[in-house]
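In: quick check, what structure comes out for this input:
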Amino acid sequence: MHETTSALIERLTSQAVPIKPLLSPWLRAAALLVPVLGLMTAIALASGNPTRVTDHLSDPVFTLALAGSLLTGIFAFVAAFMLSVPGRTESWGWLPAAPAVIWLTASTVQCYRHVEEYGIHDYSPFASADCFVFILMAGTPIAVATHFLLRRALSTNLTGVTSLAGLAAATLAAAMLAFFHPAGTDPVDFITHVVAVSALVLYMTTFGRNALGSD
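Out: Prediction:
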């Protein structure tokens, strides 16, 4: 026996439960950034070499490279959460562009200075494999945490959101690497960093996008 329309409406109304709205994208981004930055700081202070980093902050090129990487990660997180809300302008995707340019430019200058001082050596392409592993190992947990915070977002731009999340996780990991790696970037180091960041972005735009799309 079929329910009448009024009976169906009454039944659905009686069974309805309040839906908890999502926090604003600013708050969700902060909910992730605050503990991540806190944990990164604790690890860098406990296991890294903060004194060496402090000593090199007098070098504006080193400082710009470090700040550019850190700000790229922070801005990319904010942009990812903003774009996860339907109706937000896609211009948010350009938020991390400026600090990313600063990071890449300053790192290129570091490479130039390294080659000018030490010359071009016959570097092995795997000479900085430990940097590649570090960025992936440090960035992957951040990317996974981002996925869990984004999984309830009904995004209309999954590719943009997940690529920004991957960029955020990878560049924050690259910033933390400065506390474990000697200051100064040679060409192989720099290329390895870029490849590692690109790999994590690619991971998020494939597996992360598919996972979010199926939630």
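
In: pLDDT below threshold where in this structure?
Out: Applying pLDDT under 70 to the chain flags the ranges 1-23, 121-123, 152-156, 182-184, 208-215.

In: what residue is smack in the middle of it?
Out: Residue closest to the average C-alpha location in the chain (CA atoms, centre = their mean): Ala168, at 1.3 Å.

In: identify the residue nearest that residue in space, chain neighbours excluded?
Out: Ala76 (3.6 Å; CB to CB, 6 or more residues apart in numbering). In short, each C-beta sits where N, CA and C put it, glycine included.

In: mind giving me the packing neighbours of the helix or strand containing that neighbour?
Out: Assigned by DSSP states H and E, Ala76 falls within helix 60-83. Counting contacts by 3 or more CB pairs under 8 Å, 6 or more residues apart in numbering; DSSP states H and E, helix 60-83 packs against helix 25-47, helix 50-56, helix 97-118, helix 129-150, helix 158-177.

In: switch to 7 Å and redo it
Out: helix 25-47, helix 97-118, helix 158-177 (3 or more CB pairs under 7 Å, 6 or more residues apart in numbering; DSSP states H and E).

In: could you give the angle of that helix to helix 158-177?
Out: 150 degrees (axes from the mean of the first three to the mean of the last three CA atoms, to 10 degrees).

In: give the buried residues for helix 60-83.
Out: Buried residues in helix 60-83, defined by neighbour count with 16 or more other CB atoms under 10 Å: 61-62, 64-83.
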